[in-house]
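Trainee: Below are the sequence and a predicted model for it; my questions follow.
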Amino acid sequence: MHDMKEIAIGRLAAILARVLPVLRNAGLTDVAIGGSSAPALLDHLFAGRALQMRDFDLIVVAGRPVEAELLRRIGKALDAPDFRFLPRYVYPRRRARGGPELWTAGWGAIWDALGVEVDVSVFHDEAALELNGLMNVDRIRIPVGEAPGLVDVVAGLLHCGSGAAALAAGLVVDRSDGYAGWTNAAPSLVATHAVLASPIECAIRVVRTCAAKLGLEHLDERLASPLRAAIRDGHQRGDRFLRVRNVVKLLHDAQAGVELEMLHELGAFDRWLPEIGDLVDRLGPGSLSRLFAEADRAERWTPADDAAFAEAGEQGGDVASRLHLEALLLTMTPAARESLLDEVAVAEPTFAALMRAKLPVAMARFTGLGRGLQRNRLIPGKDGNGLADVSSRE
């Protein structure tokens, strides 16, 4: 579900029509489209861009303390064959609020609505919500809780005629000037305290937004400098589980090669996952994108294998992230390979175990990938089989 999808407004309206009544029954009426879904919808309405989302983000302010059980009850109430509740994704929204420790600002849950990932985050109150959103582009919200449905919300926005007019009319909440940062591809950091508390996790989130959603290949120094300094001074801070989860999700992205190189430029792999940093240095700029392109074109696994990887993923791993992780592993020494898989197992133990089990088969089977890597000088050839050459090198 983690790929970008074109979604019709009617599809989003149908999702909201199912979610809002259940939220209201739970006493939750302060609901808004948020995350990257809000600027994507505004782009569609006012810039004529296709409505593309990786998931449909809904932000809720409860006005009271929130516990995991509330999200589980809501999840089960919505559960249906075409709106499948994923209980393993009920997890806390842990945010920084000035100190080194992360604080639970609320809880979230995820559903699979026939391939559309519906991500609902419920925050305790307005103060907790203020901790959410790393950059200004992450803090745009389109309130929908009091409206009869999304069609009415969209009609009101279109009546305004522009994003600026919708902001002025109060139909869009944007206290951090995020929409201007989005439309100009010039986001700014807002939650600097979060960067200090979780430098690498924040760097991953910034890089994914800038590369996948804004089309940037290099970070502006105003973004890069505080991230680089925070990683240098506190790379170990934050939640290791979330760090690993986020990098596994990154491996799914079409721009994964660019994103990994951007992270390397920030120093993210100097002391964490140095195997990836070493690979970037050895292969050179742009090589990871070519590596992943070759992996995407190589011979695929059987449907049964793909289904096994899709089922194994617990926190973001899926078939696409498997292809890219496999490509990285096939260019590494056995020792580096084991080290990287050990780290993946922190968040994705089943996924990592399946990768280990299937890797010997991949070495023998992905000869097309090996030839492509040799052709692009990503690995040296040996008897016509670059994969064998890499697998035997210490």
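Mentor: Alright, I've got the coordinates.

Trainee: Find the centremost residue of this protein, please.
Mentor: In the chain, the residue lying closest to the centroid (Cα atoms, centre = their mean) is Lys249, at 5.4 Å.

Trainee: On the three-state scheme, that one is what?
Mentor: Look at Lys249: counting by DSSP: H, G, I helix; E, B strand; the rest coil, its state is helix.

Trainee: I figured it hits Leu325, correct?
Mentor: No. The criterion here is Cβ atoms under 8 Å, and Lys249 misses it with Leu325 at 11.5 Å. C-betas here are computed from N, CA, C, even on glycine.

Trainee: What pairs with the longest strand along the chain, parallel or antiparallel?
Mentor: Ordering each strand of the chain by length in residues (DSSP state E) puts strand 102-113 first. If you go by DSSP bridges, strand 102-113 pairs up with strand 84-85 (antiparallel), strand 91-96 (antiparallel), strand 116-123 (antiparallel).

Trainee: for the stretch 1-150 of the chain, which spans come out with low pLDDT?
Mentor: Within the stretch 1-150 of the chain, the ranges that satisfy pLDDT under 70 run 1-3.

Trainee: Columns mean neighbour count on top of the strands paired with strand 102-113, output as TSV?
Mentor: Below are the strands paired with strand 102-113 laid out as TSV (neighbours: other Cβ atoms under 10 Å):
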stretch	mean neighbour count
strand 84-85	18
strand 91-96	20
strand 116-123	22
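
Trainee: Which residues are in contact with Leu42?
Mentor: 140, 142, 157, 163, 166, 172, 179 (Cβ atoms under 8 Å, 6 or more residues apart in numbering).

Trainee: what's the answer for Leu51, then?
Mentor: 6-9, 12, 40-41, 44.

Trainee: Which of those are buried, as a PyMOL select command?
Mentor: Buried residues among those (16 or more other Cβ atoms under 10 Å), as a PyMOL selection:
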select buried, resi 7+12+40+41+44
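
Trainee: nearest to Ala197, of the contacts of Leu51?
Mentor: Within those, the smallest distance to Ala197 is 27.8 Å, found for Ala40 (Cβ to Cβ).

Trainee: Now do the contacts for that closest one.
Mentor: Shown in contact with Ala40 (Cβ under 8 Å, 6+ apart): 49, 51-53.

Trainee: 10 Å instead, please
Mentor: Ala40 makes contact with 4, 7, 33, 49-54, 56-57, 140, 182, 213, according to Cβ atoms under 10 Å, 6 or more residues apart in numbering.

Trainee: I'd like those laid out as a markdown table, including distance to Val190.
Mentor: What follows is the contacts of Ala40, written out as a markdown table (distance: Cβ to Cβ, whole Å):
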| residue | distance to Val190 |
| --- | --- |
| Met4 | 24 |
| Ile7 | 27 |
| Ile33 | 19 |
| Arg49 | 24 |
| Ala50 | 27 |
| Leu51 | 25 |
| Gln52 | 24 |
| Met53 | 22 |
| Arg54 | 21 |
| Phe56 | 23 |
| Asp57 | 17 |
| Ile140 | 12 |
| Trp182 | 13 |
| Lys213 | 16 |
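
Trainee: Of the residues you listed, which belong to strands?
Mentor: 33, 52-53, 56-57.

Trainee: could you flag which of the residues you listed are buried?
Mentor: Buried by 16+ other Cβ under 10 Å: 33, 53, 56-57, out of the ones in strands among the contacts of Ala40.

Trainee: Go ahead and confirm Ile200 touches Asn246.
Mentor: Yes. The pair Ile200 / Asn246 is scored as a contact, 8.6 Å apart, by Cβ atoms under 10 Å.

Trainee: More neighbours: the two, which one.
Mentor: Using other Cβ atoms under 10 Å, the more surrounded residue of Ile200 and Asn246 is Ile200, with 29 against 21.

Trainee: and the helix or strand containing that one, what does it pack onto?
Mentor: Ile200 belongs to helix 199-208 when elements are defined using DSSP states H and E. Contact here means 3 or more Cβ pairs under 10 Å, 6 or more residues apart in numbering; DSSP states H and E; on that basis helix 199-208 packs against helix 192-197, helix 221-234, helix 240-250, helix 256-265.

Trainee: Would you mark the buried spots in that helix?
Mentor: In terms of neighbour count (16+ other Cβ under 10 Å), helix 199-208 has its buried residues at 199-208.

Trainee: Just name the closest of the residues you listed to Arg88, please.
Mentor: Comparing those against Arg88 with Cβ to Cβ places Glu201 closest, at 19.8 Å.

Trainee: so what's the closest one up against?
Mentor: Glu201 touches 94, 102, 134, 194-195, 237-247, 268, counting by Cβ under 10 Å, 6+ apart.

Trainee: Kindly write the PyMOL command that selects the buried subset of those.
Mentor: Filtering the contacts of Glu201 down to the buried ones (16+ other Cβ under 10 Å) takes a single PyMOL command:
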select buried, resi 94+102+134+194+195+237+238+239+242+243+244+245+246+247+268
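
Trainee: Beta-bridge partners for the nearest residue to Ser37 once chain neighbours are set aside, please?
Mentor: Leaving out its chain neighbours, the residue that sits closest to Ser37 by Cβ to Cβ, 6 or more residues apart in numbering is Asp57, at 4.4 Å. Beta bridges link Asp57 to Asp119 when assigned by DSSP bridges.

Trainee: Which stretches in the stretch 251-394 of the chain count as strands?
Mentor: Along the stretch 251-394 of the chain, counting by DSSP state E, counting those that start in this stretch, no stretch forms strands.

Trainee: follow-up on the earlier one: could I get the buried residue list for the longest strand of the chain?
Mentor: 102, 104-113.

Trainee: could these go into CSV alongside distance to Arg84?
Mentor: Listed next are the buried residues of strand 102-113 as CSV, based on distance: Cβ to Cβ, whole Å:
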residue, distance to Arg84
Leu102, 29
Thr104, 26
Ala105, 26
Gly106, 22
Trp107, 19
Gly108, 16
Ala109, 12
Ile110, 10
Trp111, 6
Asp112, 4
Ala113, 8
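
Trainee: quick check, nearest of the residues you listed to Asp119?
Mentor: Using Cβ to Cβ, Ile110 is the member of those that sits closest to Asp119, with 5.2 Å.
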